Structures are given as C-alpha cells and as structure tokens.
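Peer 1: heads up, no residue letters with this:
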Ligand SMILES: Cc1ncc(C[n+]2csc(CCOP(=O)(O)OP(=O)(O)O)c2C)c(N)n1
Ligand code: SF4
Ligand SMILES: [Mg+2]
C-alpha cells in the first residue's frame, strides 16, 4: 500500500487545509508510533465528530498509535461512533454495511495475501459493541471458526452510541438507557469467552485507562494474526453522552471498571505463546 493514496494531487495542494497536509506529512502513515507519542503527531482531523470526553475516540486513537506497521495495515470499520473518526485518519480504511465487517475483512485479507504473497498485510477490524455482539455476531464468530488471520477490536461503550443510546448486547444487566427505560434484562454477551472457544489464538480485555496494556495487546494481537490465527481485543471505551457521566470522568469511569467488571484478562493459545516468545527472542514483538 502506498502513501500515494493519501497524498494530495499537486494542483490541489494549495487549497487543502493545513491540518490535512499535517495529517499526511506528520500522521502515522510510515511512522512507527506508540501510545506515549499521542499529542506529538497529527492523528485525526480536528473537526472530527466525537463528543467531548468520548471513550471510543480515546480507545481508537490509542489503538491506532499502537499499530506495528501502519502503512501495511487495513482498518475495517462499520457504522457506529468510531467510523466517522476512522475515516478521518491518514490510514488505509474500508467501511462496510453495519455488522458485515468480519466477512468483508476475511475477503480483503485473502485478497491481500494473493496480491502480496511475500509481504505481511495486517487487516484489523475496529468497530463498536453493537456491530460485533449484535448485528455482526454471526459473521464475527464464523470468521473465527474459519481461523481467518485477522484482528478484531471491539470498542465497547456498552450502548449504541451513534443512534442515541439504545441497549446493546454488551450493555450491563439492569442498565437504564435512553431507550431501555426499565433497564436491560440480561447480562453482557460473553464475547471474550466466545472468542477463546471459537478459535481466537490471542485475546485481551482492557480499558482506555490503561494505554500501555492496549498498546501491548494491539501489537501482540496483530503480530500473532500474521502467522497463527484470529485474534480479539475488547476495549472498554465508556460513552459519557449516553451512559450519562461528566465528560472529564471517562478515564475514572474506565479505571473503576478495571476494579469491577473490566479487570484485565489475556489469553494466548500454546502456539501463540510460542510464537510471541520466539519473536521477542529475535528482537521483534512487543518490548
Ligand atoms: C443494517 C443497519 N442497521 C442499523 C443501522 C443503524 N445503526 C448505525 S450505528 C448503529 C449502532 C452502533 O452501535 P455500536 O456498534 O455499539 O457503536 P457505537 O456507536 O456505540 O460506537 C445502528 C443501529 C445501520 N446503519 N445499518
Ligand atoms: S455518543 Fe458516546 S461514543 Fe458516540 S461520540 Fe458521543 S461520547 Fe463518543
Ligand atoms: Mg457501542
């Protein structure tokens, strides 16, 4: 994949806003960044549509800054609060019809493997909890059953943020939401456990209060998916607008969740653990 796709046509360059040029010249494309570099480079266009204090935006930004090889990564999204932001980064991005993301990502990965047999091309699905646990659950599970070598990242804000606060399968039991006035009647869908049971060789669960854990998980999940099999990361990305907390409390809400229903968990299959160990011994992988 080439930087040409995001480079402005010469004749139009002078008309483009400075921030777009900054995004192309100082964005993550071809630059190995880390979560610690956030704030020092252009990640996303400033007029992005996320609310103040948006946990999805924060999770997405940390995850994107942690990609092991941005120029050779294809991000696959679907409708939801993340997809507006994802489309405004200087990364390869493909959108899908709501819920279809893992089916589309499977095809794209296979196509890239055929087109570039000697190169790694990382395909990373990055979508909301509704996109994975509700409408896209069947496609997600089947991509794992088929052992597609893709990474799936759930930005779990426990609600349909983008459409005004409907309950999602990942909402907490009993949670009263804009459109669940008497509270949700069943527990969170155990997607993390399902990932392990259906073929994911690496899975991690963490929150936006732990950027270093996100960075390690993203790198290890993507590197493992190159050789071993499907990988899954579930990030708690709370939504102040629909979960109704103050927009400066997002990290606190996430931190509190780490002591409750979102404690850190990581799973590696035997094969994945061996692979990551070898990568580290050879100087690759996450330090
Ligand atoms: C087939 C289809 N059904 C419904 C919608 C409407 N829709 C768009 S985003 C969304 C909910 C997204 O929720 P989630 O995946 O949790 O993402 P969030 O907005 O919370 O980040 C829905 C129902 C759609 N775009 N397409
Ligand atoms: S509705 Fe929630 S998830 Fe969506 S942009 Fe606003 S804060 Fe973020
Ligand atoms: Mg959601």
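Peer 2: Yes, it's here. The structure presented is a predicted model; accordingly, all values stated were derived computationally and were not measured. Ligands and ions are numbered 1, 2, ... in the order given.
Peer 1: so which residues on the stretch 51-200 of the chain come close to ligand 1?
Peer 2: Residues of the stretch 51-200 of the chain lying near ligand 1 by CB under 6 Å from any ligand atom: 56, 79-82, 98, 128-131, 155, 157, 159-163, 168. For the C-beta atoms, the positions are set from N, CA and C on the backbone; glycine is no exception.
Peer 1: the residues you listed, buried ones only, as a PyMOL selection?
Peer 2: Restricted to buried positions by 16 or more other CB atoms under 10 Å, the PyMOL selection for these reads:
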select buried, resi 56+79+80+81+82+98+128+129+130+131+155+157+159+160+161+162+168
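Peer 1: of the residues of the stretch 51-200 of the chain next to ligand 1, which belong to helices?
Peer 2: Among those, the ones falling in helices (DSSP state H) are 56, 81, 82, 129.
Peer 1: out of these, which is nearest to residue 282?
Peer 2: Closest approach to residue 282 among those (CB to CB): residue 82, at 33.7 Å.
Peer 1: which residues touch residue 106?
Peer 2: Shown in contact with residue 106 (CB atoms under 8 Å, 6 or more residues apart in numbering): 143, 146, 148, 150.
Peer 1: out of those, which end up buried?
Peer 2: Buried among the contacts of residue 106 by 16+ other CB under 10 Å: 143, 148, 150.
Peer 1: just the element for the second one, please.
Peer 2: Counting by DSSP states H and E, there is no helix or strand that carries residue 148.
Peer 1: in TSV, list the ones in helices among the residues of the stretch 51-200 of the chain next to ligand 1 along with pLDDT.
Peer 2: Converted to TSV, these look like this (pLDDT from 0 to 100):
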residue	pLDDT
56	97
81	97
82	96
129	98
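Peer 1: so which of those residues also contact ligand 2?
Peer 2: 56, 81.
Peer 1: now distance to ligand 3 too, for the ones in helices among the residues of the stretch 51-200 of the chain next to ligand 1, in a markdown table please.
Peer 2: Listed next are those as a markdown table, based on distance: CB to the ion, whole Å:
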| residue | distance to ligand 3 |
| --- | --- |
| 56 | 7 |
| 81 | 7 |
| 82 | 9 |
| 129 | 4 |
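Peer 1: spatially nearest residue to whatever residue of the chain ends up closest to ligand 3 (excluding sequence neighbours)?
Peer 2: The minimum distance from the chain to ligand 3, using CB to the ion, falls at residue 128 (3.7 Å). Leaving aside its sequence neighbours, residue 128 sits nearest to residue 80 (CB to CB, 6 or more residues apart in numbering; 3.6 Å).
Peer 1: could you measure from the one you found over to ligand 2?
Peer 2: According to CB to the nearest ligand atom, to the nearest Å, residue 80 stands 8 Å off from ligand 2.
Peer 1: quick one: which of the ones in helices among the residues of the stretch 51-200 of the chain next to ligand 1 is nearest residue 45?
Peer 2: The nearest one, if we look at these relative to residue 45 and count by CB to CB, is residue 82, at 14.5 Å.
Peer 1: the closest one and residue 60 touch, don't they?
Peer 2: Yes. Counting by CB atoms under 8 Å, residue 82 does reach residue 60; the two are 5.3 Å apart.
Peer 1: pull up the overlap in contacts between these two.
Peer 2: Here residue 82 and residue 60 share the contacting residues 126, 155, scored by CB under 8 Å, 6+ apart.
Peer 1: confirm residue 74 sits in a strand?
Peer 2: Yes. Per DSSP: H, G, I helix; E, B strand; the rest coil, residue 74 lies within a strand segment.
Peer 1: show me where this structure has its helices.
Peer 2: Secondary structure of the chain by DSSP H: the helices cover 18-26, 55-65, 81-86, 101-115, 129, 137-145, 191-197, 211-227, 240-243, 250-258, 270-281.
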